[in-house]
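*Asks:* Provided below are the primary sequence and the corresponding predicted coordinates.
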Amino acid sequence: MAIEVNGKTFEVDEEGYLANINDWEPGVAEVMAKEDELELTDEHWDIIKFLREYYEEYQIAPAVRVLTKAVAKKLGKDKGNSKYLYGLFPYGPGKQACRYAGLPKPTGCV
Amino acid sequence: MAKKPIEFEVPKLTEYTEVPAVTPDTMAHSSPYVSKVEFQEPLGYPGELVDGWQDKAIGAMGEMLGKYRSLQVFLDSCVKCGACTDKCHYYLGTSDPKNMPVARQDLLRKVYRRYFTFAGKYFPKLVGAVDLDKEVLDDWYSYFHQCSQCRRCSVFCPYGIDTAEISMAAREIMDRIGLGQKYCNEIINKVFKIGNNLGLPENALADTLEGLEEDVEDETGVAVKYPLDKKGADILLVTPSADFFAEPHVDGLIGYGKVFHEAGADWTLSSKASEAANFGMFIGSYENMRRISLRIREAALELGVKRIIFGECGHAWRVAYSFLNTLAGPFDFLDPKYPVPQHILEFTWGEIQKGTLNIDKSRNDDMVLTFHDSCNVARASRMGDEPGGQFTIPRNVIKAVCNNFVDMAPDTIHEKTFCCGGGGGLLTDDLMELRVKGAKPRMDALSTVIEDHGVTHMAAICAICKAQFTKVLPFYGMGMDMIQSVHGLVSNAIILTGQVDDDDEEDAEDAA
């Protein structure tokens, strides 16, 4: 399976996650969000950027707790909670935001 | 394009779970993503469906019948009495007759009869014996991934036939002909490559634990440690990797650390055995189950610990309690004064009884709790040294840290507990319809105690149950944060030695 972004083709798995994280470019997130009928705002991009930075360092998506803590530090305590993140990414920050950021899906009992 | 989630109707909750009228094939479309070459081969299986798979499947079945006497007894002894028909949560939630345990067993039994019994070989039609063809194989793949191996049906079977064991055998046969399930097999690969189901590398684990230490110190003013790979520690804690990652799992991990801290225990986690789960059991693979278990032995030896304690994980406790010694033993290098292995709840209950923990139950007064018995703990293990300890110890601990506790209906708890709907390797998004429908009996019982007794939260001691409920509660109009870790409740109620609460500090500042 694949998605089209600005005339380029990107391979994705059955669940729509990018096959190769290094292929990622911002247009990938735009196209994926459009399919979910979601418009990406600066708030969404803050999260996507953080996910990519974290992945680069640790080769895994951050835990929800790590993510909320980082958001609280950057954007204030009122936004450092999973409610804020679910408001942005209704299918779950772990899964939906990771997909937009090109990260593999977290697996296991989560 | 991302696959759109399948549209389905969420069952309506009822005060008691009613047995639905049979509706054939309602779940015939449900089957999980098939594994890929790169996930199959490292587990010792062919990458994709092999040529001549029929013969190879029959060969594998024959080998397993010779190796596991129980499998043959289970396939031979069913008398079709019907006691199991209304006991499976997936039948109750989907009304698909192939989700009746006897029908699920028959999917394998009819092939067994055809190739391994006299009557089936010569008079197949008389005994319901059929050839193994693609249609049968498709049914196997679909319906043996609609069994969470919870073993509730076996409690009611007069012959004690264990459908879980039949499901496990069927999955192993399918793996051996190259038809594996992606979710389980990808995860087992991660355990072998990285050390845990999540794929959490050592540096990320170390960072996560440091983060927890900071959080606990910020909140309490006490430097509770969450040590990693500490050589010479007394206790090795093996816990599901979800405890490092997900909510409410991580609250439980924080709780284990607080209990160890107050008990003065010298403990450590291991980056090698950074996973309690053992999905080798779900796919019925003795070899993979053994390989996964051996990491725990190696970690214990390398770290030189005296005891092994398991965190809150249902099927891990089954593997640990029932099989660990034969899979990865003997554990003669551990301190014989303690059970090998021990459950974290046994440890915590022991400390509560000794009085080492300073508990303020009122800190959980904002909740009215109930408890979900996890199937593998309830029906395949024990805790403590008395029969039924696996039921009483978790409840004793909850009651020791909470003022408000109410049990759900008696036919839905203890050994009759209903599966959360996501056990046995089915906790994957591609099975969401099955997971939601299979949760109905538990949701019925929960909504009844919510209405009758004002229950606000449900506690559990299994990473799968916690993740599953977080996902399915919202489908039934309930909040995802209703589900709690038992050690999260312990964590709330413990007052650490020297603890200064955030609020106290603020109050003190206000007063100043």
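*Replies:* Great, that's in hand. In this text the structure is predicted, and so the values were computed from the model without any measurement. Numbering: from 1, shown residues only, chains lettered A, B, ... in the order given.

*Asks:* helix, strand or coil for the nearest residue to residue B:446 once chain neighbours are set aside?
*Replies:* Excluding its sequence neighbours, the residue lying closest to residue B:446 (Cβ to Cβ, 6 or more residues apart in numbering or on different chains) is residue B:458, at 6.0 Å. C-beta here means a position set from N, CA and C on the backbone, and glycine is covered the same way. Of the three states, residue B:458 takes strand under DSSP: H, G, I helix; E, B strand; the rest coil.

*Asks:* residue B:458: what's it in contact with?
*Replies:* B:369, B:370, B:371, B:372, B:446, B:469, B:482, B:483, B:484 (Cβ atoms under 8 Å, 6 or more residues apart in numbering or on different chains).

*Asks:* please tell me how far the closest residue to chain A within the stretch 101-250 of chain B sits from residue B:380.
*Replies:* Closest contact between the stretch 101-250 of chain B and chain A, by Cβ to the nearest Cβ, is at residue B:197 (3.3 Å). For residue B:197, the distance to residue B:380 equals 20 Å [Cβ to Cβ, to the nearest Å].

*Asks:* which of those two has more neighbours?
*Replies:* Per other Cβ atoms under 10 Å in any protein chain shown, whichever of residue B:197 and residue B:380 has more neighbours is residue B:197, with 28 against 24.

*Asks:* any idea which helix or strand carries the more buried one?
*Replies:* Residue B:197 is part of no helix or strand when elements are defined by DSSP states H and E.

*Asks:* find the nearest non-adjacent residue to it, please.
*Replies:* Using Cβ to Cβ, 6+ apart, the nearest residue to residue B:197 is residue A:108, at 3.3 Å.

*Asks:* ok, the one you found - contacts?
*Replies:* B:187, B:190, B:196, B:197, B:198, B:199, B:240, B:241, B:242, B:245, B:277, B:463.

*Asks:* check what pLDDT the residue nearest to residue B:446 gets.
*Replies:* pLDDT, residue B:458: 98.

*Asks:* ok so, going back, in strands, which of the contacts of residue B:458 fall?
*Replies:* B:369, B:370, B:371, B:483, B:484 (DSSP state E).

*Asks:* need the longest helix for chain A.
*Replies:* Ranked by number of residues, the top helix in chain A under DSSP state H is helix A:42-58.

*Asks:* wait, what's in contact with residue 77?
*Replies:* Using chain A. Residue A:77 neighbours (Cβ under 8 Å, 6+ apart): none.

*Asks:* hmm, I had chain B in mind actually
*Replies:* Applying Cβ under 8 Å, 6+ apart, we find residue B:77 in contact with B:159, B:161.

*Asks:* which positions in chain A make contact with chain B?
*Replies:* Residues of chain A lying near chain B by Cβ under 8 Å from any Cβ of the partner chain: A:1, A:3, A:12, A:14-16, A:32, A:35-36, A:57-60, A:63-66, A:69, A:82, A:94-95, A:99, A:104, A:106-110.

*Asks:* which ChimeraX command selects the buried ones in these?
*Replies:* Buried residues within the residues of chain A next to chain B, by 16 or more other Cβ atoms under 10 Å in any protein chain shown, are selected in ChimeraX with:
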select /A:3,12,15,16,32,36,58,59,60,63,64,65,66,69,82,94,95,99,104,106,107,108,109,110
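
*Asks:* please flag which of the residues of chain A next to chain B sit within helices.
*Replies:* Judged by DSSP H, the residues of chain A next to chain B include A:32, A:35, A:57, A:58, A:64, A:65, A:66, A:69, A:82, A:99 as members of helices.

*Asks:* name the nearest of those relative to residue B:295.
*Replies:* Closest approach to residue B:295 among these (Cβ to Cβ): residue A:58, at 21.1 Å.

*Asks:* hang on, the closest one packs against residue B:208?
*Replies:* No: in this structure, residue A:58 is not within contact of residue B:208 by Cβ atoms under 8 Å, at 9.1 Å.

*Asks:* coming back round to it: looking at it, the residue of the stretch 101-250 of chain B closest to chain A is touching residue B:240, isn't it?
*Replies:* Yes: using Cβ under 8 Å, residue B:197 is in contact with residue B:240, at 7.3 Å.

*Asks:* who touches both of those two?
*Replies:* A:108, A:109, B:275, B:277.

*Asks:* my read is residue B:357 is in a helix, agree?
*Replies:* No: going by three-state DSSP, the assignment for residue B:357 is coil, not a helix.

*Asks:* could you pull up the contacting residues of it?
*Replies:* Contact analysis of residue B:357 by Cβ under 8 Å, 6+ apart lists B:259, B:262, B:263, B:348, B:351, B:494.

*Asks:* who's in contact with the third one?
*Replies:* With Cβ under 8 Å, 6+ apart as the criterion, the residues that contact residue B:263 are B:347, B:351, B:356, B:357.

*Asks:* out of those residues, grab the one that's most surrounded.
*Replies:* Using other Cβ under 10 Å as the neighbour criterion, residue B:347 leads these with 23 neighbours.

*Asks:* so the closest residue to it other than its chain neighbours is in which element?
*Replies:* Distances taken as Cβ to Cβ, 6+ apart put residue B:309 closest to residue B:347, at 5.8 Å, once the chain neighbours are dropped. In this assignment (DSSP H and E), residue B:309 forms part of strand B:307-310.
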